[in-house]
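Asks: just need the structure, nothing else, for what follows:
(3 chains)
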Amino acid sequence: MKVIVIGNGVAGNTASSTIRRLDGQAEITIISEEIYPEYSPCALPQYLAGELSRPNVFLRTKRDYSRERTKTIFGQKVTSISPEDRRVSLDTTSLTYDKLIIATGSKPVMLPIKGTNLDGVFPLKSLGDADQIFHYTGNTAVIIGSGPIGVETSVALSKRGLQIYLIEVLNRIMPRVFDETPSSLLRGILEERGVRVLTGEKVISIVGNGKVEGIVTDKHRIKCDMVVLGAGMKPNIELAQQSGVNIGALGGIAVTQQMMTNLDNIYACGDCVETEDRASGEHTLSLLWHNARRQGEVAGYSCSGVPKSYLGSENITSLDIFGVHAVSFGSIEADGNQHQDIEVIERFLGKNYYRLIIAQSRLIGAQSIGNAQDMGALLCALIRRDNLSEIKRAIDKKTLPLNPLYYRIARCLGPNIRRL
Amino acid sequence: MPKMLVVNYDKCTGCRLCELVCSVKHEGVSNPSRARIHITKWEMEGIMMPMVCNQCEPAPCIDACPTNARSWDEHLGRVVIDYDRCIECKTCVAVCPFGAVSFDHVAGRIISCDLCDGDPACVNFCETEAIQYVDASEINKRRQREAAEKLYESMRKFTMAPAG
Amino acid sequence: MALNRKIAYINLTKGKIEVKSIPIKLRKLFLGSRGLDMYLMYNHIEPGTDPLGADNVALISAGILVGTLASASARTHIGGKSPLTGFVGSTNMGGFFAPEMRWAGFDHLVIKGKAEKPVYLWVHNGEIEIRDALNIWGKDVHETQEIIREELGDRDIKILTIGLAGEKLVRYANVMTELKNAGGRSGMGALLGSKNLKAIAVRGTMDIKIEHPDEALEYNKRLISQVTSAKVSQEQGKLGTTFIWGATNSQGLVRVRNFQLNQLEEADDIEPEALEEFSLGMAGCFGCQVHCRGKYIIPSGPYTGVYDEGPEYTSMGAWAAEPGCRNPLTILVCNHLVNSYGLDTLETGSMIAWAMELYEKGILTNKDTDGLELRFGNDEAVIEMVHRIARRQGLGDILAEGPLRAAEKIGKDSAQYLIHVKGMSNLHSDERPTPSLALGIATSSRGSDHLRSRPAIDLYHLPEPILRKIYSQPVAYDGPLTSNFTDYEGKPWQVIWQELCFEAVDCLGICKYHTLFLGPNFPNFDEWSKLLYYNTGLELSPLDIWNIADRAYTMERLFNIREGLTRNDDWLVDRYFDEPTKLGIPIVRGKVIDRDKFRQMIDEYYELHGWDENGVPRPETLRKLGIDQEPSHML
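Replies: Residues are numbered from 1 along each chain as shown, chains lettered A, B, ... in the order given. The predicted structure follows:
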């Protein structure tokens, strides 16, 4: 069996390793535009902060591929796929496949503003981007967009001594991940460490003469030496789309639970696909590491003829902001899609904060700041769609044997459990 | 056959000696906040639940680790941490259903049960046998599951259910 | 390391906090906890201080081995001048507070002055904060802890608190942690209440370095098997301390109906084995494998479904034998009530039983009791009186003052029915057949007390050679020793030995159930010397530890003498000498304490201690112990 994997991220690599584990004979080729062996994009902020050396960013070496007998074609771009003759064309050559796995990942959303082409403006997606930022000199950086990547980048560069401006067009930071209260708590942590946070502010242009000199927003002009674009990521689907692969409503490749596309022998996994959210059952673009890995594994199984089902994505965000652990699971209250009655339980526990979002007795989201050791139990309840009222009853009645998870959940709820 | 820790909640008296010996054995200090095992207590209800790494397979913490720092050690049947790879992002802390992964604030690193390389101190010191180290046989695995009301059929096991 | 924990002086009047190191010199003189508290007490409390005034000092401490690999090293000590007796106030409790306090960086808290309004202390990782307690004032022991945990946001916070009884200055109010860990006797709860100090919350994540971890682990393992292999520990681990009550009742060594009888007959329903029916299993204190804390849920009645821990030996006496009740439910309910009010179960039960005898004798009438029929055997009346004492209502207000003050208020012949020493009620046991135990309670530094010096193994009829082996270490003793517990010979030395054994473990922070209290094969001075070395690096021989205990106990004596204690205070009430026991096995039946022999025992006891015939430590004794210059104000 000849397998081609397009993409050298976690989805592609997990798919490839899974196939190898199941099939010693398969001919596997991984094609990647980037020249590096697999690395962890999640580790890039630590690298930027100078807390992690560059070699430690890599998850595999070239030798790991050869040990797994996986062929690599790095630094080349796939120009087209022809499903009819099961062929993949590159710049200079073409290859045939029995099975194709598209794991092309995601790419930064480019802002429709002037000046993004200036020297000193970087996205932060790839190791190459990180290398450039790492070696760029300057004293002041503007981060546009306050998603987790924007915030992590702010923290990283701030740790390196740069003055940071974090700019968010909406009225709070990480608006898709945290509701207002936790968001403002996190903003406080950033500000305490000297990060200037500007919300409700729209960047109009980046200015400079060849090189970044500042930005202009609808409220301010800020002088800076560097701009990092953190306005988010979107699935990288052009190649698939051109080949006739169906795209879902959210702009990701549409796949079955077995990670199959609409085309025979073509599978897709990772950031480029859209899946169902396990907790809400709704379609989602997850763009998260752990989901990509599991999708890659399922795709690998499917290619090898072992039917496994991907049961959906889990929306988990976990980030460390100057030593403070911030976690968000599932939906947030402010999510515009909420169509049910929502109950929010909020708890300030000393330095820790918990927020539970409940709909029809079921947990649909949880956010925490500080100690996150009880969050895993909440995640469990969220994904299993446990009925919290039943948990409460079990605790009240002291149903034996006691379920430790219930107690951890109840610990998070505290006296609020009475409200259930 | 690898062995596993089995917790019998009914037998736990909540004395926390397991936490103490764990921190002494690993760190040479008495400090339960640096132990790999914790007794979650509801004092006013008399409930004491030792929570320790279940060595899940597949494990949420391994799944969620963005740097592959956590991996499965076939030989001892445990999850191990490669500190050279770990970037202390604490995702593993957040996703563990048992709250069994923690951040050691003194040493500045993630910790979870390493089964004391096959000779768990907590087991050696637990007179009531609330925590035992037994063959990871199917029977024992089932026993453990029952002990915690099928707790261990935690969500990850179903992430990849057989199709159909 | 285990020796670097600090001492904090907290002045509630001024809202000031000062943290100091504890000099190693004082460690070697007094080790820690009760020993050092006694030094502090003698140095910081002026003679004649009003125990409920702002000048009294509350001392909270953890033993030097607490939190280490010394088995059952969980003890918290609380000291101060006793509102009940006016002498040494001192109490010691298990649970988890003391280790948490050490992880938070502190061994000793010295609390002075009086807060203007209710406050609680928040002690965490080297810091102490005085916080407003208005919202918890009036709350019971259990609610208080839940509210503070919620407020501070950490389920693992350990809290020491007083209940309503402490707030109302009931002179025998307890300091409590968790459900039933009780710092009882001597009214330390009233002392905290008088300072407007509702609670102390602690939480710590600081290392206690174990000096020789491998040896300490191995030695701990050895001691665990040494302790848990004893049958008495196994029984404790199954039934709790109630099993001792069962055993002593069967011999006729308990007190029934305020000393009128010495055995509770037809007690089948409340035998420890019968109480097992209500048990939810056992719990343990920190690091202890004996797990003698019972867990139960009240099965019926108005308190159905309430969870609590216990009951202990003392509650068996207080809520069954003394009031002449035989209903297990009464024991469980009263045990719960005293726990949540923060009342001393022993003293409360004694006061009620005393009032019942007064009612029986007509000294108290329905007028005094507001119509409550305070007959022996009236379970409802017992429960009602617990409420009234804690809330200081009616007769309860008088009984809340403790034996001597209550007798003064009630007048008539009421005082002659009191069973007390130094104004503190006796354990609900009967010491008439056991001169050794009688001497123990008569001379105890904190008033009548079984946890100061009780040579309980005297009841085991151990062969003389075994007794000699035990009692000749770590200091030589070649005086008489006898296996017969009804004898008077040799007992003073046993009392002193046990006194210093208990003092030593109270300094170390180890539970008394891990000592010779319960059996001949339990850990002893030798073991403690090793434990100290492995865990803290401190090199002290068994004899050094003995001397420290002697020094600390003598400090207690000095304190009491300074407060006006005389030889007459080391004495029992007349009923011990005049009313023979009526029930029990033949050897205990018909027994009284012989006045002359008892006087001789006391002479001998003083002499062995190096005290003069008035019970005052001789100057050379003080010199030998290095405390002839007290108060020395080293801390």
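Asks: which non-adjacent residue is nearest residue A:252?
Replies: residue A:274 (3.1 Å; Cβ to Cβ, 6 or more residues apart in numbering or on different chains). From N, CA and C alone the C-beta is placed, and that goes for glycine too.
Asks: just residue C:33 next, same as before
Replies: residue C:63 (4.0 Å).
Asks: from residue C:70, how far out is that neighbour?
Replies: 9 Å (Cβ to Cβ, to the nearest Å).
Asks: what of residue C:60?
Replies: 20 Å.
Asks: list the contacts for the residue nearest to residue C:33?
Replies: Contact analysis of residue C:63 by Cβ atoms under 8 Å, 6 or more residues apart in numbering or on different chains lists C:31-34, C:73, C:75, C:77, C:98, C:505-510.
Asks: out of those residues, which end up buried?
Replies: C:31-34, C:73, C:75, C:77, C:98, C:505-510 (16 or more other Cβ atoms under 10 Å in any protein chain shown).
Asks: how about the residues of the stretch 201-350 of chain A near chain C?
Replies: A:347, A:348, A:349, A:350 (Cβ under 8 Å from any Cβ of the partner chain).
Asks: make JSON lines out of these and add secondary structure and neighbour count.
Replies: Formatted as JSON lines, those follow (DSSP: H, G, I helix; E, B strand; the rest coil; neighbours: other Cβ atoms under 10 Å in any protein chain shown):
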{"residue": "A:347", "secondary structure": "strand", "neighbour count": "17"}
{"residue": "A:348", "secondary structure": "strand", "neighbour count": "16"}
{"residue": "A:349", "secondary structure": "strand", "neighbour count": "20"}
{"residue": "A:350", "secondary structure": "coil", "neighbour count": "17"}
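Asks: ok, which of the residues you listed also contact chain B?
Replies: Taking Cβ under 8 Å from any Cβ as the test, chain B is in contact with none of these.
Asks: now those residues in TSV, with pLDDT?
Replies: Shown next, in TSV, are these (pLDDT from 0 to 100):
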residue	pLDDT
A:347	87
A:348	86
A:349	80
A:350	77
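Asks: name the SS class of residue A:172, please.
Replies: Here residue A:172 is coil, with the state taken from DSSP: H, G, I helix; E, B strand; the rest coil.
Asks: which pLDDT value belongs to the residue lying closest to it once chain neighbours are set aside?
Replies: Nearest residue to residue A:172 in three dimensions, chain neighbours excluded: residue A:183, at 4.1 Å (Cβ to Cβ, 6+ apart). We have a pLDDT of 97 for residue A:183.
Asks: same thing with residue B:22?
Replies: Value for residue B:22, per-residue pLDDT: 98.
Asks: ok, and the closest non-adjacent residue to it?
Replies: residue B:35 is the one closest to residue B:22 (Cβ to Cβ, 6+ apart), at 4.0 Å.
Asks: just confirm that neighbour contacts residue B:17, I think it does.
Replies: No - counting by Cβ atoms under 8 Å, residue B:35 stays clear of residue B:17, with 10.6 Å between them.
Asks: so what's residue C:15 up against?
Replies: By Cβ under 8 Å, 6+ apart, the contact set of residue C:15 is C:115, C:130.
Asks: now swap in residue C:390 and tell me
Replies: By Cβ under 8 Å, 6+ apart, the residues touching residue C:390 are C:163, C:164, C:165, C:168, C:170, C:337, C:341, C:343, C:396, C:400.
Asks: ok, residue C:126 - how many residues close by?
Replies: Residue neighbour count, defined by other Cβ atoms under 10 Å in any protein chain shown, stands at 14 for residue C:126.
Asks: that one: what's it in contact with?
Replies: Applying Cβ under 8 Å, 6+ apart, the residues near residue C:126 are C:6, C:19, C:104, C:105, C:206.
Asks: re the thing from before, can you count the residues close to the residue nearest to residue A:252?
Replies: Residues lying near residue A:274 (other Cβ under 10 Å) number 22.
Asks: that one belongs to a strand, doesn't it?
Replies: Yes - according to three-state DSSP, residue A:274 belongs to a strand.
Asks: who does it form a beta bridge with?
Replies: In this entry, residue A:274 is beta-bridged to residue A:254, by DSSP bridges.
Asks: surely it and residue A:250 touch.
Replies: Yes - using Cβ under 8 Å, residue A:274 is in contact with residue A:250, at 4.8 Å.
Asks: hang on, the earlier thing: keep only those of the buried ones among the contacts of residue C:63 that are in helices.
Replies: Per DSSP state H, helices hold the following members of these: C:33, C:34, C:98, C:505, C:506, C:507, C:508.
Asks: quick one: the third one from residue C:116, how far?
Replies: Distance, residue C:98 to residue C:116, using Cβ to Cβ: 29 Å.
Asks: kindly report the same for the last one.
Replies: In this view, residue C:508 and residue C:116 are 37 Å apart by Cβ to Cβ.
Asks: who's in contact with the closest residue to chain C within chain A?
Replies: Chain C sits closest to residue A:349 of chain A, with a gap of 2.6 Å, by Cβ to the nearest Cβ. Under the criterion of Cβ under 8 Å, 6+ apart, the neighbours of residue A:349 are A:370, A:414, C:150, C:152, C:153, C:154.
Asks: mind checking which of those residues are in helices?
Replies: C:150, C:152.
Asks: how many neighbouring residues does residue C:411 have?
Replies: Other residues close to residue C:411 by other Cβ under 10 Å number 9.
Asks: distance of it from residue C:368?
Replies: Per Cβ to Cβ, residue C:411 is found 11 Å from residue C:368.
Asks: also residue A:301?
Replies: Residue A:301 is 85 Å from residue C:368, by Cβ to Cβ.
Asks: give me the nearest residue to residue B:4, chain neighbours excluded.
Replies: In this structure, residue B:4 finds its nearest non-sequential neighbour in residue B:136, 4.2 Å apart by Cβ to Cβ, 6+ apart.
Asks: my read: the one you found touches residue B:77, true?
Replies: Yes - when contacts are counted by Cβ under 8 Å, residue B:136 is listed as touching residue B:77 (5.2 Å).
Asks: what sits in contact with each of these two?
Replies: Shared contacts of residue B:136 and residue B:77 (Cβ under 8 Å, 6+ apart): B:2, B:3, B:4.
Asks: if we can go back for a sec, any idea which of the residues of the stretch 201-350 of chain A next to chain C is the one closest to residue C:310?
Replies: residue A:349 (30.2 Å; Cβ to Cβ).
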